[in-house]
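Based on what follows, work out the 3D shape:
(2 chains)
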Amino acid sequence: MFRSLLVDNWLRYLFNPLLGALGGLVGWALFASTLGILGDAGLDSDLVERVSYFGFMGLTVAFACNVLKSIQDGQGAMRVTVQGLIAGVVGGFGGLLAGLAVHLLAEFMGSSLDQFLPKLACYLLVGTLVGLSSRITSLDRFTGLAALGGFLGGLLAMIIWVVLDKLGDTTAAYVTLLIPMTLGFGIGAATYSLPSFVSGGQLRVLTGQFKGQTKGIESTDIVVGNNKRQLQWVLPKWEGVQDPHAKIEVTAEGQGYKHLVRNMSAKSVVVVRDKKKNRVKTKQAMELQDGDVLVFATGKNFVKVRYTQRTNKE
Amino acid sequence: MSSRILCAVLGAALLAPLPLLAQEEAAVIPTGDQCTYPVDLLWHREPKDAPATMGVSVVNKASGQQVPGLNASHFAVAWDNQQAPNDESFQVQQSANAFKLVEPTDSEGAAEPQGVDPVNYDVYFAVDLTASMAEELAAGSSDKKSSKLRWALRLIVNFIQPDKQGSSLFDSKDRVYISGFTDKVEAEFMSSTTAERKKIREALAKINEFAPKSDAAALYASMLHNLSNIESRGDQYKDASKKREAVLIVITDSFNGMDLESRRALRGCDQNDPLADEVGKAILKAQQATNNGLKMYLLALGEEGETKRYSLTEPANRRCRIAETQAEVVDGRAFRALGERGLTRGGYRASTNPAELGGFVRSQFEALKSAYEITYQGPEGVSSPRSFMVQVKLGDAVCADEERLQSNIIPQARATDIATSPGEFALFLAGLILAMFFLPRSMTNLTTLGGGGGAPKKRKKAPAKKKRRKKG
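Modelled structure (predicted):
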């Protein structure tokens, strides 16, 4: 259901940043609840406060920023949750480390840490660590981008803090929850919206229910099918996509990659190039070129997908 | 054998530090509720171009009131464990503003009320109603004249009525009893102590209409009457946990002129000496009955001084006559003895300015709820201190409080009066984000409203296949 909301509209690029912000908000809620419970039990301390604040921030932001890709690929709820949780736990661990680092700094520097520059350095560190850990499970080019997103999120969080501080005590009371939201927004933007411009290749759905959705081609093969349990890029069965229907094969070539489409079914896979239809027969493959339109069809039902190449073969 | 020696050496090595640790523990200065006089460091300011200041509360644990009368010798301040110089720059004073400078830290926690006297009082007033109180008196340097009795009544009103800020020295929880004295005790104005302001106003109105009479004042008899009342209610004041004390305020311009039973008038000043001793004993007895829960103030509306036959320091002259002497001066010698702070826990003040008398009493009660403000120079070599410690020594009792500056790296909700709590604000933001997820779909649907991109394309009909006739 959520996948169907990712329609062909530029606003969809806001989805991951917003999910990150929502994750940050949930992180703040968990932090506030935990601190309240521990406070009632007399177990609250500066260490607990700092570590739980950044730990929960890492957990929820990493979770939130890692679910959209799986949702868009048509993965099942369990797989989406598990993948998000794995990333979340690692992100939470990064947040814990950041919290410990900040605590040690605070104990060492005392209130001098409250000045703008030390505070900014702390939040940049926290943002970078949370961003890095939130995508360290994939350990690809997006990991660095996530770290950059966290860094930018930390910078934005500090700016918001300073501005709200200037506006007065009433608005400054909301800084605690706005900081994780901003961090999540930054990381979300860097790990979803930005990478679409630097991906090795991209498939964009041109027709049907998922019109406008994209799938980045990275270093691994992509199976196109209708079965969410088989780690496929799921396209609707009622639009003529079989289980499996085709495979986008990624082969290293030069400094980049070349991409092929292989027909995995008895149904038709057509590559439209220069207005000419090239049928790919069963179990055969065809190398793709930038601008090709792939048609996966069964009878009168079909899904059209545009292939865009962003890799350097030289 | 050698293993036993080894064990003994090892055991000794492990146990040797224990006495040292014990000594270190013994040297630790108690803090907070461990102390008889708990010390609280309220705030501190370290401006770059002015001496540092610090607000410190020193509380009497038994009564919950501030300990009054402390000076620089009682305090020591340290930054990062380095003591600030206790020289002429080190100044200590009780300040009504010291509590007001405390920043609110917790928006939800029920903070201890500060700057409030936790003790409630039963205030007994004894007002001189002799003929001399009808004399006109100008208050201080002003030309405003009124009878001494009117000034005395204004003083009482000033103590019990709220001022423009709504605060009064004795508030609505404090009970009041007003009596007077001429040549006898005048106790008909009120039957007992009451907190009802209406009854108090009625009593004051009655006294206002009272015509001062008689030259001989039953001052001591009136004091004994009130002390007896206080003593009979000693149980109420004895228990410190009930936080109630008795206050006796005597307002007079006369020498005592009657015996203790108000039966016989006195002529000579020297006749008062044994009677004053009796009153002193009665005060002591009342203090014992109330477990030192009594404060007594002697306010003399007149000038303290000496005459030819009356001395403030020498025993009374046999030729000193009360009627003549009280027209010139107040009985400073007797009042000083009776108002001695160690005995009364209050004091004695003589002045022709009623405001000064009121200020004397007020300042003493303000001191019971005012914290100390310390002005000092920080220790040399410490530019940006991280810990501040104040130590207070009262006799053998020592107490300290320390504040360590913690980093505020995680922003705190500081506003205490925000209409929308952070939780509510978070729910609003979450709702907004969730709504944003549906925005792209809604926008796409909007573009297709009313038929979307125009009329649907007509499908071209496929040309009909020609039926082949089967050739027969």
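
Assign the residue in the stretch 201-350 of chain B that chain A sits nearest to to helix, strand or coil.
For the stretch 201-350 of chain B and chain A, the shortest gap (CB to the nearest CB) falls at B:Ser241, measuring 26.6 Å. Quick note: C-beta positions are derived from backbone N, CA and C, even for glycine. Secondary structure, DSSP: H, G, I helix; E, B strand; the rest coil: B:Ser241 is helix.

what's the spacing between it and B:Asp122?
Between B:Ser241 and B:Asp122 the computed distance is 16 Å (CB to CB, to the nearest Å).

now do A:Glu287
103 Å.

how many neighbours does B:Asp235 have?
Per other CB atoms under 10 Å in any protein chain shown, the neighbour tally for B:Asp235 reads 11.

Restricting to C-alpha, output the helix or strand harbouring it in PDB.
Element membership for B:Asp235 (DSSP states H and E) is helix B:234-238. Provided in PDB are the C-alpha atoms of helix B:234-238 (Å, rounded to 0.1, in the frame of the first residue of the first chain):
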ATOM      1  CA  GLY B 234       3.100  26.200  75.200                       C
ATOM      2  CA  ASP B 235       2.300  22.800  73.700                       C
ATOM      3  CA  GLN B 236       1.400  24.500  70.400                       C
ATOM      4  CA  TYR B 237       4.800  26.200  70.200                       C
ATOM      5  CA  LYS B 238       6.900  23.500  71.800                       C
END
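
Can you point out the buried residues in that helix?
Residues of helix B:234-238 classed as buried: B:Gly234, B:Gln236, B:Tyr237 (neighbour count, 16 or more other CB atoms under 10 Å in any protein chain shown).

With distance to chain A and pLDDT as extra columns, can I get these in JSON lines?
Shown next, in JSON lines, are the buried residues of helix B:234-238 (distance: CB to the nearest CB, whole Å; pLDDT from 0 to 100):
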{"residue": "B:Gly234", "distance to chain A": "42", "pLDDT": "88"}
{"residue": "B:Gln236", "distance to chain A": "38", "pLDDT": "87"}
{"residue": "B:Tyr237", "distance to chain A": "38", "pLDDT": "88"}
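
Neighbour count: A:Glu287 and B:Asp122, which is higher?
Neighbour totals were compared for A:Glu287 and B:Asp122, and B:Asp122 leads with 25 against 13 (other CB under 10 Å).

so what's the closest residue to B:Val116 other than its chain neighbours up against?
Spatial nearest neighbour of B:Val116, excluding adjacent residues (CB to CB, 6 or more residues apart in numbering or on different chains): B:Lys369 at 5.9 Å. Residues near B:Lys369 by CB atoms under 8 Å, 6 or more residues apart in numbering or on different chains: B:Gln65, B:Gln66, B:Gly115, B:Val116, B:Asp117.

which of those sit farthest apart?
Greatest spatial distance in those: B:Gln65 and B:Gly115, 11.3 Å, computed using CB to CB.

The nearest residue to B:Val59 once chain neighbours are set aside: neighbour count?
Spatial nearest neighbour of B:Val59, chain neighbours left out: B:Pro38 (5.1 Å); criterion: CB to CB, 6+ apart. By other CB under 10 Å, 20 other residues sit near B:Pro38.

Give me the below-cutoff pLDDT ranges for chain A.
Per-residue confidence for chain A (pLDDT under 70) gives these ranges: A:1-9, A:110-113, A:138, A:140-141, A:169-170, A:192-199, A:229-232, A:254-256, A:310-314.

Give the residue farthest from the middle of it.
What lies farthest from the middle of chain A is A:Gly42; by CA atoms, centre = their mean that is 38.3 Å.

Distance-wise, check it relative to chain B.
14 Å (CB to the nearest CB, to the nearest Å).

about what we covered before: which of the contacts of B:Lys369 has the weakest pLDDT?
Lowest in pLDDT among the contacts of B:Lys369 is B:Gly115, which has 65.

A:His259 should be in a helix, yeah?
No. Counting by three-state DSSP, A:His259 is located in no helix; its state is strand.

top helix in the chain by residue count?
Here I'm looking at chain A. Identified as the longest helix of chain A according to DSSP state H is helix A:77-109.

nope, chain B please
Using DSSP H to define each element, chain B has its longest helix at helix B:272-289.

Show me how far it is from its chain's centre.
Distance of helix B:272-289 from the chain centroid (CA atoms, centre = their mean, to the nearest Å) equals 29 Å.

May I have it as PDB, with CA atoms only?
Output in PDB follows, covering the C-alpha atoms of helix B:272-289 (Å, rounded to 0.1, in the frame of the first residue of the first chain):
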ATOM      1  CA  ASN B 272      10.900  48.900  89.100                       C
ATOM      2  CA  ASP B 273      14.200  47.000  89.400                       C
ATOM      3  CA  PRO B 274      13.000  43.900  91.300                       C
ATOM      4  CA  LEU B 275       9.800  43.900  89.200                       C
ATOM      5  CA  ALA B 276      11.900  43.900  86.000                       C
ATOM      6  CA  ASP B 277      13.800  40.900  87.400                       C
ATOM      7  CA  GLU B 278      10.500  39.100  87.900                       C
ATOM      8  CA  VAL B 279       9.400  39.900  84.400                       C
ATOM      9  CA  GLY B 280      12.800  38.600  83.100                       C
ATOM     10  CA  LYS B 281      12.200  35.300  85.000                       C
ATOM     11  CA  ALA B 282       8.700  35.100  83.500                       C
ATOM     12  CA  ILE B 283      10.200  35.500  80.000                       C
ATOM     13  CA  LEU B 284      12.700  32.800  80.700                       C
ATOM     14  CA  LYS B 285       9.900  30.500  82.000                       C
ATOM     15  CA  ALA B 286       7.800  31.200  78.900                       C
ATOM     16  CA  GLN B 287      10.800  30.400  76.700                       C
ATOM     17  CA  GLN B 288      11.200  27.100  78.500                       C
ATOM     18  CA  ALA B 289       7.500  26.300  78.200                       C
END
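
Around the residue of the stretch 201-350 of chain B closest to chain A, how many other residues sit close by?
The number of residues packed near B:Ser241 is 6, by other CB under 10 Å.

What residue in the stretch 201-314 of chain A comes nearest to chain B?
A:Gly212 (8.7 Å).

was I right about that residue contacting A:Arg204?
Yes. Using CB atoms under 8 Å, A:Gly212 is in contact with A:Arg204, at 7.2 Å.

can you give me the helices in the stretch 151-300 of chain B?
Secondary structure of the stretch 151-300 of chain B (DSSP state H, counting those that start in this stretch): helices at B:197-209, B:219-232, B:234-238, B:272-289.

By mean pLDDT, show me the worst of those helices.
helix B:234-238 (a mean of 87).

Show me what it is packed against.
strand B:244-252, helix B:272-289 (3 or more CB pairs under 8 Å, 6 or more residues apart in numbering or on different chains; DSSP states H and E).

can you list contacts of that helix?
For helix B:234-238, the surrounding residues in contact (CB under 8 Å, 6+ apart) are B:Asp122, B:Ile230, B:Lys242, B:Arg244, B:Glu245, B:Ala246, B:Ala286, B:Ala289, B:Thr290, B:Asn291, B:Gly293, B:Leu294.

Neighbours of A:Ser45, how many?
12.

One more: B:Asn86?
14.

Check the one 4 residues further on too.
Look at B:Phe90: counted by other CB under 10 Å, it has 18 neighbours.

residues contacting it?
By CB under 8 Å, 6+ apart, the contact set of B:Phe90 is B:Ala72, B:Phe75, B:Val77, B:Ala84, B:Ile374, B:Thr375, B:Tyr376, B:Gln377.
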